[in-house]
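Visitor: Give the three-dimensional model of this entry:
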Amino acid sequence: MNDRLPGDLMTIGGDRLHVVTEGTGSPPVLLSAGLGGAWFDWTPVVSRLRDAHRVIVFDRPGLGGSPPVRGAATLRAEADRLAALARWAGAPVILVAHSFAGFHAEAFARLHPELAGGMVLVDPSAEPRTPRYSRPLSRLVPLARLAGTVAGTTGFTRLAGPAAYGLAMRLMTARGNVAPPEYVREVCTRGHVLGTLLAEDAVYRQMAADLLTLRRHRPFPGIPLRVITALGDLRGDGEAWRRAHAGLAALSPRGRQVVLPDVGHLVQIDRPEAVARAVREL
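Guide: Presented below is the predicted three-dimensional model:
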């Protein structure tokens, strides 16, 4: 493990994953970042939960401090990765998933219900219908990874990566960047991180389609569920987003939607106390 990053590089479920753990309480809480995200996106939430829970944050392969793997990510592989982490952490776990990781979390609960003690979906991705062009776009994964490799070898990510991340945080959040600059430099200068981000974007529609198929075959368990809906940065389609999330909350008889009208998509940064409260309610 690079000694400039916190945590450990561990083999879990056959993959080398960067894992950061804080706290000792039970039940354990497992945090999963959104598309292209890293463990440090959860820093404000971890600080509010570690006194009462063992909090585990990890990076998917190719993101944050985790080395890349060959091949495209699939919904089943992501669900199984969460299952391996849950077993390692001491299942059942409370799973907290942001945005794109909401697909993985729902698949995990359907495929491994015995490992899920509760779930918080933080402004999760929601696709009520099969997206168009899902399979053709997923075939762009090798090209996406090649773009990351080129960006790394030419020095582009070293020059532009941290600045691009900082700009994105300023545009998307009220608080701005919450990660220590040395962690941002270490992660965002890696070409494979950019390539993995682009690859995740390429498989987004295919994962949405696969989740819709899974819903027809595997029920969602009756676990405590909170769905946090952020409406602060939507333009004109807020009601559709609210309804889509209400549908997710209705997956469980113990589900409830929490609507935050004045908060943007990165709830874990701008309103970490809302995420922590949802975990405590479970």
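
Visitor: drop to CA atoms for contacts and neighbour counts, all remaining ones
Guide: OK.

Visitor: any idea of the pLDDT on Met1?
Guide: Met1 is assigned a pLDDT of 49 by the prediction.

Visitor: Same check on the one 3 residues further on?
Guide: As summarised for this prediction, Arg4 has a pLDDT of 83.

Visitor: That one belongs to a helix?
Guide: No: assigned with DSSP: H, G, I helix; E, B strand; the rest coil, Arg4 falls outside any helix and is coil.

Visitor: Count the neighbours of it for me.
Guide: Counted by other CA atoms under 10 Å, the residues lying close to Arg4 total 9.

Visitor: which residues of the stretch 101-250 of the chain score low on pLDDT?
Guide: Confidence mapping of the stretch 101-250 of the chain against pLDDT under 70 gives the ranges 236-237.

Visitor: and if we set it to 50?
Guide: Flagging of the stretch 101-250 of the chain using pLDDT under 50 yields an empty set of residue ranges.

Visitor: the helices in it, which residues?
Guide: Assigned by DSSP state H, counting those that start in this stretch, the stretch 101-250 of the chain shows helices spanning 101-111, 134-138, 141-153, 156-172, 181-188, 191-215, 238-249.

Visitor: deepest of these, which one?
Guide: Greatest average neighbour count among the helices of the stretch 101-250 of the chain goes to helix 101-111 (a mean of 25), per mean count of other CA atoms under 10 Å.

Visitor: So for the closest residue to Arg50 other than its chain neighbours, what pLDDT did the model give?
Guide: Take Arg50 and drop its neighbours on the chain: the residue closest to it by CA to CA, 6 or more residues apart in numbering is Gly23, 4.4 Å away. At Gly23 the predicted local confidence, pLDDT, stands at 96.

Visitor: Just want the most central residue of the chain.
Guide: Of all residues in the chain, the one closest to the mean position by CA atoms, centre = their mean is Ala33, 2.4 Å from it.

Visitor: In contact with it, which residues?
Guide: With contact taken as CA atoms under 8 Å, 6 or more residues apart in numbering, Ala33 is in contact with Trp39, Asp41, Trp42, Asp59, Ala97, His98, Ser99, Phe100, Ala101.

Visitor: Let's see which of those residues end up in strands.
Guide: Residues from the contacts of Ala33 lying in strands, with DSSP state E as the criterion: Ala97, His98.

Visitor: now the contacts of Ala33: which count as buried?
Guide: Trp39, Asp41, Trp42, Asp59, Ala97, His98, Ser99, Phe100, Ala101 (16 or more other CA atoms under 10 Å).

Visitor: rewinding a little: distance to Ser66 added to the helices of the stretch 101-250 of the chain, as CSV?
Guide: Converted to CSV, the helices of the stretch 101-250 of the chain look like this (distance: least, CA to CA, whole Å):
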stretch, distance to Ser66
helix 101-111, 16
helix 134-138, 22
helix 141-153, 15
helix 156-172, 17
helix 181-188, 10
helix 191-215, 9
helix 238-249, 30
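
Visitor: For Val258, which of the ones you listed is the nearest?
Guide: Within the helices of the stretch 101-250 of the chain, the stretch nearest Val258 is helix 238-249; the backing value is 9.1 Å (CA to CA).

Visitor: Now do that closest one: which elements does it pack against?
Guide: strand 225-230, strand 255-260 (3 or more CA pairs under 8 Å, 6 or more residues apart in numbering; DSSP states H and E).

Visitor: Looking at those strands, which one is packed in the most?
Guide: If you average neighbours per stretch using mean count of other CA under 10 Å, then among the helices and strands packed on helix 238-249 it is strand 225-230 that wins, with a mean of 26.

Visitor: Contacts for it next, please.
Guide: Among residues not part of strand 225-230, those counted as contacts by CA under 8 Å, 6+ apart are 118-124, 241-242, 245-246, 248-249, 252, 254-265, 267, 275, 278, 282.

Visitor: Also stretch 244-258?
Guide: Applying CA under 8 Å, 6+ apart, the contact partners of stretch 244-258 are 124, 126-128, 220-229.

Visitor: of all these, which comes closest to His53?
Guide: Set against His53, the nearest of the contacts of stretch 244-258 by CA to CA is Pro224 (16.9 Å).

Visitor: Enumerate every residue touching the closest one.
Guide: Contacts of Pro224 were listed using CA under 8 Å, 6+ apart, and they are Gly117, Gly118, Met119, Ser252, Arg254, Gly255, Leu282.
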